[in-house]
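K.L.:
model the following, please.
(chains A and B)
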Protein chains: 2
Amino acid sequence: MDKPEIIMAPGPTPVPPEVFLAQGSPLVYHRGPGYGDLLREVTESLQRAAHTSNDILIFASSGTGGLESAVANLLSPGDRVVVPVAGFFGERFAKIARAFGADVRTIDYEWGSAVRAEDVGRALDGAPAKAVLMQQSETSTGVIHDVEAVGRVTRDAGVLLVVDVVSSLGAVPYDGDAWGVDVAIGGSQKAFSATPGLSFVSISPAAWEVSRSATNPRFYFDWAAYKKSYDQPSPENPFTPAISLMLGMRAALRRYFDEGPENVLRRHQLLSHATKEGVRALGLDLSGEHPERAWAVTAVRAPEGIDGDELVAKVRADHSIILAPGQGPLKGKVFRIGHLGYYDRFDIIRCLAALELTLDAMGYPVKRGAAVAAAETVFAEAP
Amino acid sequence: MDKPEIIMAPGPTPVPPEVFLAQGSPLVYHRGPGYGDLLREVTESLQRAAHTSNDILIFASSGTGGLESAVANLLSPGDRVVVPVAGFFGERFAKIARAFGADVRTIDYEWGSAVRAEDVGRALDGAPAKAVLMQQSETSTGVIHDVEAVGRVTRDAGVLLVVDVVSSLGAVPYDGDAWGVDVAIGGSQKAFSATPGLSFVSISPAAWEVSRSATNPRFYFDWAAYKKSYDQPSPENPFTPAISLMLGMRAALRRYFDEGPENVLRRHQLLSHATKEGVRALGLDLSGEHPERAWAVTAVRAPEGIDGDELVAKVRADHSIILAPGQGPLKGKVFRIGHLGYYDRFDIIRCLAALELTLDAMGYPVKRGAAVAAAETVFAEAP
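P.N.:
Below is the predicted model of the structure:
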């Protein structure tokens, strides 16, 4: 018998039953008070989750659509932007900006590095820019960048700070307004454990101001059109929304606040720590700077003689657990364990047991139970 | 007791239980053979439904996102397009094209008119264009435009034909390749009765050719990126797809082919005919040219002294049935009954009964049961 595959890649993540039930419930018609209440609850919940009083807009799109909305609404062709690139999603942000004609100045790091605020400051000194586009969590490497520190630099320089928080919001500390983030872009399918297909953006007054004179074309992602529809007495979407996903998102956010944002963070920290201790107990090395901050994704170096892609494929084939392979220059050298979203301690235990079995089967010397024991120790000693 | 509101607006439409169950089922991870099979089944089913061998791409977006994709991928700033405008969605297509810098030549009709192929021919003679952008079903008026006839004109002129089939595909006859449609854009939430949040486009070889030299910026809706991902041995999305909506769409399409496309068309024709006979039996007039073709939406003139918006609001308040108001110049003068999607005969009967009760309560002279009787007669005499 095969149970359904268990996703332990960094998004989409497992989905709690109340989200599935909500997605299977009758549609709330998208014109009128029922949908207005739904939209208001979801946007206000996201404001609370992101610690921001800025406007939040929600799109029926992947997270990438939300990223594009920032580029299309803030920039005109030729505008200069600074993009730190330390992984796949840094590259993606740079590509989107180039597709829209921006003068993109990348700060190029080895994949797995953390972005340094002083590098951003130097880049801005050398070439004044309109915005800095960065990730908080670089999903491809697991690394959490220090948005707070970069925010001090962009504020001093009077430059917009645009942050992809798709795989970080809810999983690691984030304090949008206090850190001076102008635009943050998130997705439904990560720490909130809704299903993929919604992206959302928070937009500061300064970002609104810049958007008014930006000339890049936009229609589906036109912030002003959404804002106008939201500001009606009963908020609406300008285009037919993904109603079922909005119902799922509301259920996911209610769960998030029932558990409590601080508890959700502590859970992510604990599961991340247990995962990393388990991996280390097998003699494996973590990949990426500041692994102690990487509460969303654990990136692990594949041991000598074992290909990371093959390991990921075998864990899936033998144990129906989906890990994520390395990307770009880390392909084959790294594999990734996602633990952001709807996971508990025994999801980690199961994953580590599958890892032990698979490494063993691939000829890597494994002391059976060692990773599980290390994780149990973390759980037993947790406050 | 209130049952949930019943949507009889032209989309989203009621959703069959197997679609809701699919949306409430565990996610299929979006990398690997499971998702590849899902994507392949949905795209091949849509090809069959649209009578086309052209590529089909699917976006996590509203239908409007699909429309934008056509504009962004086919046009460069300054390119001339001809857009017949006979209602709200004609206007929308023109607005999208203008937002992307096109030289938009509208053919302006009174709302409720049908587009005439000879007008399109004349517009193309006067000003050679790159594409004609039009609707098959102008949802705001219920009118079905003659795409086949326009296709003869665009083919003769060597101009791309781009058709919004969002509220028509599956509800009225459509023969993409035979009619020479280069790009058709559809949505999940109409005749197929899935929930909103997916759009899809079919793309002819000629449209692909044009897209290669088009310079408008695109990233999230970049056709080439999707095509490249689809063409892998196991098809994938370039960006995380709306997996739950894809599962719902597969269930909806399986139902569509189980019922049989011809039977689905006959059902839409029958329900449309019964609706219109019921409305006429109350002494009301239909709105829009060629109502006999309007199998997706019935547009009705509000009777003398009764405001259409008030009527729609009262039907919803008193009977939990959601009709659609008139839009633009038809606001207050027209109301609309949607019957595209998951409807049977008794949905029409219920709607007509609610209409009788509401008109009666608003002081319009109603012979109770007259509309229902007329619909029953249509059903009783159906072959």
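K.L.:
strands of the stretch 101-250 of chain A, start to end?
P.N.:
With strands called from DSSP state E, counting those that start in this stretch, the stretch 101-250 of chain A shows them at A:103-108, A:131-135, A:137-138, A:143-144, A:160-164, A:183-187, A:198-203.
K.L.:
can you say which of those is nearest to A:Val120?
P.N.:
The closest approach between A:Val120 and any of the strands of the stretch 101-250 of chain A, judged by C-beta to C-beta, belongs to strand A:131-135 at 5.9 Å. Where C-beta positions appear, they are placed from N, C-alpha and C, glycine not excepted.
K.L.:
following the helix or strand harbouring A:Glu262, which helix or strand comes up?
P.N.:
Element membership for A:Glu262, per DSSP states H and E: helix A:261-281. Remark: after helix A:261-281, the chain's next helix or strand is strand A:297-301, criterion DSSP H and E.
K.L.:
and the helix or strand just after that following strand, what's buried?
P.N.:
Later in the chain than strand A:297-301, the nearest helix or strand by DSSP H and E is helix A:308-319. Buried residues in helix A:308-319, counted by 16 or more other C-beta atoms under 10 Å in any protein chain shown: A:308-309, A:311-312, A:314-316, A:319.
K.L.:
same deal with stretch A:174-186?
P.N.:
Result for stretch A:174-186 [16+ other C-beta under 10 Å]: buried residues A:174, A:176, A:179-186.
K.L.:
tell me which residue in the stretch 201-350 of chain A sits closest to chain B.
P.N.:
Of all residues in the stretch 201-350 of chain A, A:Ala242 sits closest to chain B, with a separation of 2.9 Å (C-beta to the nearest C-beta).
K.L.:
before we move on, the earlier item: CSV for the buried residues of stretch A:174-186, including distance to A:Val71 and pLDDT?
P.N.:
Putting these into CSV (distance: C-beta to C-beta, whole Å; pLDDT from 0 to 100) gives the following:
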residue, distance to A:Val71, pLDDT
A:Tyr174, 21, 98
A:Gly176, 19, 97
A:Trp179, 21, 98
A:Gly180, 20, 98
A:Val181, 16, 98
A:Asp182, 13, 98
A:Val183, 10, 98
A:Ala184, 14, 98
A:Ile185, 10, 98
A:Gly186, 16, 98
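K.L.:
tell me the two of these that are most distant?
P.N.:
The distance between the two most remote of those (C-beta to C-beta) is 17.4 Å, for A:Gly180 and A:Gly186.
K.L.:
quick revisit: most tightly surrounded among the strands of the stretch 101-250 of chain A?
P.N.:
Ranked by mean neighbour count, the strands of the stretch 101-250 of chain A are led by strand A:137-138 with a mean of 32 (mean count of other C-beta atoms under 10 Å in any protein chain shown).
K.L.:
same for that strand, what does it pack against?
P.N.:
When contacts are defined as 3 or more C-beta pairs under 8 Å, 6 or more residues apart in numbering or on different chains; DSSP states H and E, strand A:137-138 packs onto helix A:88-99, strand A:143-144.
K.L.:
which elements pack onto the longest one?
P.N.:
Helix A:88-99 makes packing contacts with helix A:63-74, strand A:80-85, strand A:103-108, strand A:131-135, strand A:137-138 when contacts are defined by 3+ C-beta pairs under 8 Å, 6+ apart.
K.L.:
at 7 Å instead, please
P.N.:
helix A:63-74, strand A:80-85, strand A:103-108, strand A:131-135 (3 or more C-beta pairs under 7 Å, 6 or more residues apart in numbering or on different chains; DSSP states H and E).
K.L.:
now do that helix, average pLDDT.
P.N.:
Averaging pLDDT along helix A:88-99 yields 98.
K.L.:
ok, so of the buried residues of stretch A:174-186, who is nearest chain B?
P.N.:
For those, the nearest to chain B is A:Ile185 (12.0 Å; C-beta to the nearest C-beta).
K.L.:
quick check: closest non-adjacent residue to the closest one.
P.N.:
A:Gly66 (4.0 Å; C-beta to C-beta, 6 or more residues apart in numbering or on different chains).
K.L.:
repeat that for A:Glu110.
P.N.:
A:Ala86 (7.4 Å).
K.L.:
correct me if wrong: A:Leu340 contacts A:Gln269.
P.N.:
No. The criterion here is C-beta atoms under 7 Å, and A:Leu340 misses it with A:Gln269 at 11.3 Å.
K.L.:
looking at the two, which is more packed in?
P.N.:
Set A:Leu340 next to A:Gln269 and count neighbours by other C-beta atoms under 10 Å in any protein chain shown: A:Leu340 wins out with 28 against 17.
K.L.:
does that one belong to a helix, a strand or coil?
P.N.:
coil (DSSP: H, G, I helix; E, B strand; the rest coil).
K.L.:
read off the pLDDT value for the spatially most central residue of chain A.
P.N.:
Nearest to the geometric centre of chain A sits A:Ser167, at 1.1 Å (C-alpha atoms, centre = their mean). You'll see A:Ser167 listed with a pLDDT of 96.
K.L.:
equivalent analysis for A:Gly11, please.
P.N.:
As predicted, A:Gly11 sits at a pLDDT of 87.
K.L.:
how about it, what does it touch?
P.N.:
A:167, A:189-190, A:338, A:340, B:240 (C-beta atoms under 7 Å, 6 or more residues apart in numbering or on different chains).
K.L.:
and it, what are its phi and psi?
P.N.:
phi 100, psi 140 (degrees, to the nearest 10).
K.L.:
coming back round to it: quick one, the helix holding A:Glu262 and strand A:297-301 angle?
P.N.:
Interaxial angle, helix A:261-281 versus strand A:297-301 (axes from the mean of the first three to the mean of the last three C-alpha atoms, to 10 degrees): 10 degrees.
K.L.:
before we move on, the earlier item: now render the helices and strands packed on strand A:137-138 as JSON lines, adding distance to B:Leu39.
P.N.:
Shown next, in JSON lines, are these (distance: least, C-beta to C-beta, whole Å):
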{"stretch": "helix A:88-99", "distance to B:Leu39": "21"}
{"stretch": "strand A:143-144", "distance to B:Leu39": "31"}
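K.L.:
closest to B:Ala382 out of the ones you listed?
P.N.:
Using C-beta to C-beta, the helices and strands packed on strand A:137-138 put helix A:88-99 closest to B:Ala382, at 53.0 Å.
K.L.:
how far out from the middle of the chain is that closest one?
P.N.:
Computed by C-alpha atoms, centre = their mean, to the nearest Å, the chain-centroid distance of helix A:88-99 equals 15 Å.
K.L.:
what's that helix in contact with?
P.N.:
Against helix A:88-99 from outside (C-beta under 7 Å, 6+ apart): A:64, A:67-68, A:71, A:75, A:81, A:83-85, A:104, A:106, A:133, A:135, A:138-140, A:164, A:327-328, B:217-219.
K.L.:
pull out the buried residues from the residues you listed.
P.N.:
Neighbour counting by 16+ other C-beta under 10 Å classes A:64, A:67-68, A:71, A:75, A:81, A:83-85, A:104, A:106, A:133, A:135, A:138-140, A:164, A:327, B:217-219 among these as buried.
K.L.:
please give the element, helix or strand, for A:Ile337.
P.N.:
Using DSSP H and E, the element containing A:Ile337 is strand A:334-338.
K.L.:
helices or strands up against that strand?
P.N.:
strand A:297-301, helix A:308-319, strand A:324-325.
K.L.:
adding distance to A:Ala127 and pLDDT, write the buried residues of helix A:308-319 out as a markdown table.
P.N.:
A markdown table is the format used below for the buried residues of helix A:308-319 (distance: C-beta to C-beta, whole Å; pLDDT from 0 to 100):
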| residue | distance to A:Ala127 | pLDDT |
| --- | --- | --- |
| A:Gly308 | 37 | 98 |
| A:Asp309 | 38 | 98 |
| A:Leu311 | 42 | 98 |
| A:Val312 | 40 | 98 |
| A:Lys314 | 47 | 98 |
| A:Val315 | 45 | 97 |
| A:Arg316 | 45 | 96 |
| A:His319 | 50 | 96 |
